[in-house]
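Enquirer: sequence plus the predicted model coming up.
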Amino acid sequence: MTLEVLSGNRAQSEAVRLARVQVVAAYPITPQTTIVEAIADHVAQGRLAAEFVRVESEHSALQVCVSAAALGARTYTATSSQGLLLMHELLHWASGARAPVVMGVVNRAVAPPWSAGADHTDSLAQRDTGWIQFYAETNQEVLDTVLEAYRLSEDRAVRLPAMVCEDAFYLSHTVEPVEVPTAEAVDAFLPARVGRGILVPGVPSRLGSFTGPEDYVRFRREEAAAMARVVPTLRVVEEEFCRSFGRTLGGPVVPYRLEGATTALVTIGTASTTARGVVDELRRQGRAIGLLKIRLLRPFPEAEVRAALEGVDRIGVLDRAWTFGPTGAVAAEVRGALYGAPRRPLVTSFLAGIGGRDVTPGLVRRAVERLDVGSADDGPVWMDLEPLPEEVVRG
Amino acid sequence: MAKLTLPPEEWVRSGHSACPGCAPALALRFLLKGLGPRTIVSIPACCWTVIATPYPTTALGVAMLDTPIESTGASISGLRAAADALGLSDLNVVGVAGDGGTADIGLQSLSGMLERRTNAIYLMYDNEAYMNTGVQRSGATPWHAWTTTTPVGPRARGKAEPKKDIMGIVLAHRPVYAATVNPSFPEDFLAKVEKARDLVGPRFFQAITPCPPGWRYDSSETVEVGSLATETGLFPLYEVEEGRLRITRRYGRLKPVREYLQKQGRFGHLTDPEIDAIQSRVTARWEELLRSERTSAEGRAQPPATDQAPTAAR
Ligand SMILES: Cc1ncc(C[n+]2csc(CCOP(=O)(O)OP(=O)(O)O)c2C)c(N)n1
């Protein structure tokens, strides 16, 4: 193992090299570009023995991966924002064809208006496409989660594609020390994917057939069952990960100082780091507050969320996207998970960091203050814009 | 007894669900006869999705991958990449798609795969409309043909625009091999498939494939309608290899296009002047083709490439 100073994008490309991915296909989009540039260099320098297919669109990138996976190859692509949106139809094809593609997603705002800033709209808009979705907080998590994602996606119990999401610029272009495991250690944790394609050359077989209603629903139900096996399989994979590399990944949700907490913040991605700092500060002031970071958004770890937030009265969920529902998307998931809880806490939906706005400690503190007032579920509260005084007292 | 000139093995099996007289079914039948069982076929949304029969059966004796309608070019690039990565170098990677899935919505991924020099065979079966969805116009629908979205009435004469020139588009990419084929001429079809099979790089076929319900003729007449397409010069059979164009079925005198057009309900509304206009265009194009054959023999079949690097396979 070596300690290296890597950006999130570099962490993705190092993980791809270590995973010995066999087919890579990608189309450039800021801020994903440095991932695939580094992979192209790995291939050119002979550090990675992969077929790199330079496609003419993200749509084709994902089709290349889905088709290659059908024959049994380990595949990777990466994209962001508009590119992910263009892939939408193929996202369903990947999960429906049970193709264990792993995709790096650099979360970037969606146009119009154009913006390259961090925003989760792109991947949240794909949460119903049958993909596993991880959101990373650090570059170490990026590297580790890509390796974990291959194990999980290729597991016979799962066989579903996975996105490893990282915030644009906060992770993609920011460097941090990252422990890079040795090739031998990764080979032991993640052996080659061999002979596990659904299509077998020379054998009459078909993937993606035409079905009637009797069979269609069976395929969907099987996919749902595979999704339900993600969390239990993840536990096994993470135990092995810990044994192999001496690091923990944290499971589907990562609770922080939630013991005895009556207030909790819920985050995904890099806002978690800031929120953790604010929790520490408020704990020092004697406030019973904690944080729940959600790493795995699909499948949504409902039971884990409910267990972690048991005993909490007020919850503030930070969403870095506006998805035009009644609340932020993550907030809606959290509310849904808690609706049937014996003691249902109040959940406020905060929108923070949209389009690359900074989620500052001050912003998080103001969100907590806001949580103290009101006696009903609240939000969405647009934290990036100055809150009007009447907005603060309403509720 | 006549000598059997085609390989006897069938890879399109009986029990498929094509309409009676379906030429797209014949096109894949002949293609697979020439390629054999070490073949994987990628097929997008089109009539063949249905012809191959619903889950859990398959009409093909080889592996088949279904994809979205616009993906065939990318899909065969992916299959080839995987085959190479997994050491399956003997595998014939094949894409088969309709004219809509190729010349319209799939044109980008076709262009991508040709430009990437993907080592694969792409066959476009040209039934000249979106047939699976019920005979809507595609870019490959010919001038003045009736379709459900180009109806005929006091203010409309069928499709207002001429047929898209897919071979021109493909040839501009300088594939290793490209040819027109016609299921009504199986020996010519097979000879071209066998030649293409042994080449390395992007290879393309345009197959004319009459469709009884879409073209509105009796299903017993598919082979005859198909033959007339070539014998009238509307769909000449030729191949282009390394820039050399060769006409593979040569006619001293072409039959009048009227014979072809009048067999089909989709052209039933055509007036004599309209038929004459088609005739003069077809005659001119045949002359053009003969000229291209001569100039290509002198190495001038195509305009100079923008990039003179060798167009090797990848
Ligand atoms: C993105 C998308 N748009 C539309 C369709 C509907 N569709 C299914 S088959 C088809 C017709 C395809 O026509 P063509 O490629 O010419 O093949 P044919 O049906 O004639 O065999 C269409 C439009 C689809 N499957 N996907």
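Expert: On my side now, so go ahead.
Enquirer: please report how far the residue lying closest to residue B:127 once chain neighbours are set aside lies from residue B:217.
Expert: Counting by CB to CB, 6 or more residues apart in numbering or on different chains, residue B:127 lies nearest to residue B:211, which is 4.1 Å off, once chain neighbours are set aside. C-betas here are computed from N, CA, C, even on glycine. Distance of residue B:211 to residue B:217, computed by CB to CB, to the nearest Å: 9 Å.
Enquirer: neighbour-wise, which of these two wins?
Expert: residue B:211 (27 against 21; other CB atoms under 10 Å in any protein chain shown).
Enquirer: is it true that the more buried one touches residue B:22?
Expert: Yes - at 7.0 Å, residue B:211 counts as touching residue B:22 under the criterion of CB atoms under 8 Å.
Enquirer: so what sits against both of those two?
Expert: With CB atoms under 8 Å, 6 or more residues apart in numbering or on different chains applied, the contact sets of residue B:211 and residue B:22 do not overlap.
Enquirer: before we move on, back to that, show me what contacts the residue nearest to residue B:127?
Expert: Residue B:211 makes contacts with B:19, B:22-24, B:127-129, B:131, as judged by CB under 8 Å, 6+ apart.
Enquirer: which phi and psi does it have?
Expert: The phi/psi pair for residue B:211 (degrees, to the nearest 10) reads phi -130, psi 110.
Enquirer: give me the residue from the stretch 201-350 of chain A nearest chain B.
Expert: The minimum distance from the stretch 201-350 of chain A to chain B, using CB to the nearest CB, falls at residue A:208 (2.8 Å).
Enquirer: what is the burial count for the residue nearest to that residue when sequence neighbours are not counted?
Expert: Excluding the flanking residues, the one nearest residue A:208 by CB to CB, 6+ apart is residue B:66, at 2.8 Å. The burial count assigned to residue B:66 is 23, neighbours taken as other CB under 10 Å.
Enquirer: say whether the ligand is contacted by the helix or strand harbouring residue B:66.
Expert: Secondary-structure assignment from DSSP states H and E places residue B:66 in strand B:63-67. No - contact check for strand B:63-67 against the ligand, using CB under 6 Å from any ligand atom: none in range, with a minimum separation of 10.0 Å.
Enquirer: elements contacting that strand?
Expert: Judged by 3 or more CB pairs under 8 Å, 6 or more residues apart in numbering or on different chains; DSSP states H and E, the packing partners of strand B:63-67 are helix A:58-70, strand A:205-207, strand B:39-44, helix B:72-85.
Enquirer: against the ligand, how distant is residue B:137?
Expert: Counting by CB to the nearest ligand atom, to the nearest Å, the separation of residue B:137 from the ligand is 10 Å.
Enquirer: same question for residue A:228.
Expert: Distance, residue A:228 to the ligand, by CB to the nearest ligand atom: 30 Å.
Enquirer: so what's that residue up against?
Expert: So residue A:228 contacts residue A:299 (CB under 8 Å, 6+ apart).
Enquirer: tell me how many other residues surround the residue of the stretch 201-350 of chain A closest to chain B.
Expert: By the other CB under 10 Å criterion, the neighbourhood of residue A:208 contains 23 residues.
Enquirer: residue contacts, the closest residue to residue B:13 other than its chain neighbours?
Expert: Counting by CB to CB, 6+ apart, the nearest residue to residue B:13 once its immediate chain neighbours are dropped is residue B:59, at 5.1 Å. When the contact criterion is CB under 8 Å, 6+ apart, the partners of residue B:59 are B:12-13, B:15-17, B:51-53.
Enquirer: wait, doesn't residue B:285 sit right on residue B:233?
Expert: Yes - checked against CB under 8 Å, the pair residue B:285 and residue B:233 is within contact range at 7.2 Å.
Enquirer: of these two, which one has the most company?
Expert: Set side by side, residue B:285 and residue B:233 show more neighbours around residue B:233, with 22 against 13, by other CB under 10 Å.
Enquirer: distance of the more buried one relative to residue B:204?
Expert: The span separating residue B:233 from residue B:204 equals 21 Å under the rule CB to CB.
Enquirer: cool, and residue A:174?
Expert: 47 Å.
Enquirer: comparing these two, which shows the higher neighbour count?
Expert: Per other CB under 10 Å, whichever of residue A:174 and residue B:204 has more neighbours is residue B:204, with 28 against 16.
Enquirer: paired strands for the helix or strand harbouring the more buried one, with orientation please.
Expert: With elements taken from DSSP H and E, the one containing residue B:204 is strand B:203-208. Strand B:203-208 has the following strand partners under DSSP bridges: strand B:121-126 (parallel), strand B:177-181 (parallel).
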